[in-house]
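Student: sequence and predicted structure are below.
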Amino acid sequence: MGPICDPVTKAAGVFVLASASCVAQNPSALIGWGGAFGEGVPPEGAFVEFDAGFWTSVGIRLDGTLAAWGNDKGGVLFVPAGRFVKVSASKEWAAGIREDGTIDAWGTERTTGLLSPPVGQFVAVHCGQFFGLARRADGTLAAWGGNFAGEVSGVPTGQFVASAAGAFHGLALRADGSVVAWGLNVDGQTNCPPGPFVAIAAGEYHSLGLRADGTLVAWGANNYGQINVPPGTYVTMDGGTWNTGAIRTDGTLVVWGRQAPIISSAPSGTFSRLSLGNGHGLAAPKACYANCDASTASPTLTVNDFICFLNNYAAGDAYANCDGSTAAPTLNVNDFLCYINVFAAGCS
């Protein structure tokens, strides 16, 4: 089952793959750490998506089914059946996007309408503490649930290429690299610095933006130093309750903020993705999927590896099936040539 993929978007003069991109969804076994209820101990097996909630973690297996582990407060571990492509978790509730693009939510209602997500097809979903945020394929946003600080009523109009949610605030990234934020602002978490940015993320009460040159900017609550970004360049990041984590350009993981097991027990090695919760974290080890068909010895790769890669990890991506000559998920070398000439022209 190939993941539903966000389109490649030209933001701030560079092509970036949005948060639900195929590249970001290569399946991997997870490494977890921290937590008091087992939320930092992922089950065995490979996952194509995962999220560290407050006391609970959730993930999507290779076959599209959901798994949840940690504290079962609110029944959040009782995941719905079926196949999903995106998932997010909060304190006592979670939400996921099914293969057909519809949203399913489960757990404790907590506030009116929290478990009644909007109707339609979506490509991204985020669980705040009492509200949900989702993004459609056309880039428009929808929110539901509690509106304690304008996190639902304040959703901006227009089209966005990425989105994120904190406890009571939301973030959205425009194609020009600018960030829009709304909702609770007692700590300055919606006072966005000028762009351009290529990616965004949110902690409970702070926000994060990644620039094209790899520099990471953080703003909002800083009672534990969670916005004091260590020097260096980064490729991805995430915010937890009182912590921030990021993966450096060399693949190493760094976590800062509140001194807790989430920092002291953070794993070493190289990673491609991470997610932080309330005192626990999850990370996917960096792996190479280029020699996909295993027909040749690394580093010698052939066109068959590219075709294999596309059909295993990019099925359903309109940008992978670039020339439109074949119906997804059957992709071939012509799609690669088309992609290079359309989206990578001038790339050295």
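Tutor: Sure, I can see it.

Student: just give me the neighbour total for D100.
Tutor: By other C-beta atoms under 10 Å, 10 other residues sit near D100. All C-beta spots, glycine's among them, are computed from the backbone N, C-alpha and C.

Student: how about it, nearest residue that isn't a chain neighbour?
Tutor: Q121 (7.0 Å; C-beta to C-beta, 6 or more residues apart in numbering).

Student: which pLDDT value goes with T249?
Tutor: In this model, T249 is scored at 91, pLDDT.

Student: so what's the nearest residue to it once chain neighbours are set aside up against?
Tutor: Excluding its sequence neighbours, the residue lying closest to T249 (C-beta to C-beta, 6+ apart) is T233, at 4.7 Å. Residues in contact with T233 (C-beta atoms under 8 Å, 6 or more residues apart in numbering) are 213-215, 248-249.

Student: of those, buried ones?
Tutor: Neighbour counting over the contacts of T233 (16 or more other C-beta atoms under 10 Å) leaves R248 as the buried ones.

Student: widest-spaced pair of the contacts of T233?
Tutor: Spanning the widest gap among these are D213 and R248, at 13.5 Å by C-beta to C-beta.

Student: so how far is G281 from S57?
Tutor: S57 sits 9 Å away from G281, going by C-beta to C-beta, to the nearest Å.

Student: and D6, what's its pLDDT?
Tutor: Among the per-residue scores, D6 holds a pLDDT of 35.

Student: that older thread, give me phi/psi at the residue nearest to T249?
Tutor: Dihedral pair for T233: phi -120, psi 150, per degrees, to the nearest 10.

Student: F306 versus that one, what's the distance?
Tutor: Here T233 is placed at a distance of 28 Å from F306 (C-beta to C-beta).

Student: swap in C338?
Tutor: Relative to F306, C338 is positioned 12 Å away (C-beta to C-beta).

Student: swap in S275?
Tutor: The value you get for S275 to F306, if C-beta to C-beta is used, is 29 Å.

Student: okay, these two: which has more neighbours?
Tutor: Between S275 and F306, counted using other C-beta under 10 Å, the more crowded position is S275 (26 against 18).

Student: let me see the contact set for the more buried one.
Tutor: Residues in contact with S275 (C-beta under 8 Å, 6+ apart) are 50-52, 57, 238, 281-283.

Student: can you count the residues close to the closest residue in space to it that isn't next to it in sequence?
Tutor: Of all residues not flanking S275 in the chain, A52 sits nearest, at 4.2 Å (C-beta to C-beta, 6+ apart). If you count neighbours by other C-beta under 10 Å, A52 ends up with 33.

Student: can you report phi and psi for A52?
Tutor: According to degrees, to the nearest 10, A52 has phi -90, psi 110.

Student: bridging residues for it?
Tutor: Note on A52: beta-bridge partners by DSSP bridges are S57.

Student: that one contacts R273, correct?
Tutor: No: using C-beta atoms under 8 Å, A52 is not in contact with R273; the gap is 11.2 Å.

Student: correct me, but E92 touches V76?
Tutor: Yes: proximity of E92 to V76 meets the contact threshold set by C-beta under 8 Å, at 6.0 Å.

Student: these two: which is more packed in?
Tutor: When E92 and V76 are compared for neighbours, V76 comes out ahead with 26 against 22, by other C-beta under 10 Å.

Student: ok, now which ones touch G32?
Tutor: Going by C-beta under 8 Å, 6+ apart, G32 touches 39-42, 57, 280-283.

Student: let's have those in CSV, adding secondary structure, pLDDT and neighbour count.
Tutor: Output for these, formatted as CSV (DSSP: H, G, I helix; E, B strand; the rest coil; pLDDT from 0 to 100; neighbours: other C-beta atoms under 10 Å):
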residue, secondary structure, pLDDT, neighbour count
E39, coil, 96, 27
G40, coil, 96, 24
V41, coil, 96, 16
P42, coil, 96, 21
S57, strand, 98, 34
H280, strand, 97, 31
G281, strand, 97, 29
L282, strand, 98, 29
A283, strand, 97, 28
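
Student: so I263 lies in a strand, does it not?
Tutor: No: applying DSSP: H, G, I helix; E, B strand; the rest coil, one finds I263 to be helix, outside a strand.

Student: partner residues bridging the nearest residue to it once chain neighbours are set aside?
Tutor: Leaving aside its sequence neighbours, I263 sits nearest to V255 (C-beta to C-beta, 6+ apart; 5.0 Å). Beta-bridge partners for V255, by DSSP bridges, are G245.

Student: isn't A283 right up against I31?
Tutor: Yes: using C-beta under 8 Å, A283 is in contact with I31, at 5.2 Å.

Student: and for the two, which residues touch both?
Tutor: Residues touching both A283 and I31 (C-beta under 8 Å, 6+ apart) are 267, 271.

Student: and the strands in the stretch 151-300 of the chain?
Tutor: 162-165, 169-173, 179-183, 199-202, 206-210, 216-220, 234-239, 243-248, 253-257, 271-276, 280-285 (DSSP state E, counting those that start in this stretch).

Student: adjacent strands (with direction) for the first one?
Tutor: Strand partners for strand 162-165, identified by DSSP bridges, are recorded as strand 169-173 (antiparallel).
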